[in-house]
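Chemist: Structure of the sequence below:
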Amino acid sequence: EVQLVESGGGLVQAGGFLRLSCAASGFSVDDYAIGWFRQAPGKEREGVSRISSSDGSTYYADSVKGRFTISSDNAKNTVYLQMNSLKPEDTAVYYCAADRTSPTTKWADANWYDYWGQGTQVTVSS
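Modeler: From the prediction side, this is the model:
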């Protein structure tokens, strides 16, 4: 059974940091690109970052560049999202998702992703 489980969310003050984890089972992150998305109340789900373990390529939304870092530990079959200098506008439910087929230009398009986790809440207070 394919499964993605996010963890690491929580409540943090602006300027603080969190590290989210996305643990995969039933498939290898080596064979998929893993993306992080977020959805705030009343807003559409947006792509935050993505990593392709096969070639190490990474992508970031402009809003998080320089603050967030995505990485992969293939031995643990887990992808991480290190989030620094958090802002109140980063508040959202964060999801990880797996994809094998999207072109890189579509990395932030949620419709391309096949498997999704249940999400983890991140709340940044001002």
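Chemist: Every contact and neighbour count from this point should use C-alpha atoms.
Modeler: OK.
Chemist: What are the phi and psi values at the most centrally placed residue in the chain?
Modeler: The residue lying closest to the centre of the chain (Cα atoms, centre = their mean) is Trp36, at 2.0 Å. The phi and psi torsions at Trp36 (degrees, to the nearest 10) take the values phi -110, psi 130.
Chemist: how close does it sit to Ser126?
Modeler: Trp36 sits at a distance of 23 Å from Ser126 (criterion: Cα to Cα, to the nearest Å).
Chemist: doesn't Ser49 make contact with the residue nearest to the centre of the chain?
Modeler: Yes. Taking Cα atoms under 8 Å as the definition, Trp36 is a contact partner of Ser49 at 5.2 Å.
Chemist: before we move on, the earlier item: quick one: pLDDT of the residue nearest to the centre of the chain?
Modeler: Per-residue pLDDT puts Trp36 at 98.
Chemist: Name the nearest residue to it, sequence neighbours excluded.
Modeler: Once flanking residues are discounted, Trp36 sits nearest to Cys96: 4.4 Å by Cα to Cα, 6 or more residues apart in numbering.
Chemist: cool, Arg100 as well?
Modeler: For Arg100, ignoring the flanking residues on the chain, the nearest one in space by Cα to Cα, 6+ apart is Tyr32 at 5.0 Å.
Chemist: Gln13 now?
Modeler: The spatially closest residue to Gln13, leaving aside those adjacent along the chain, is Ser125, at 4.8 Å (Cα to Cα, 6+ apart).
Chemist: what about the one you found, neighbour count?
Modeler: Residues lying near Ser125 (other Cα atoms under 10 Å) number 16.
Chemist: Would you quantify the distance from it to Ser102?
Modeler: Remark: distance between Ser125 and Ser102 (Cα to Cα) = 35 Å.
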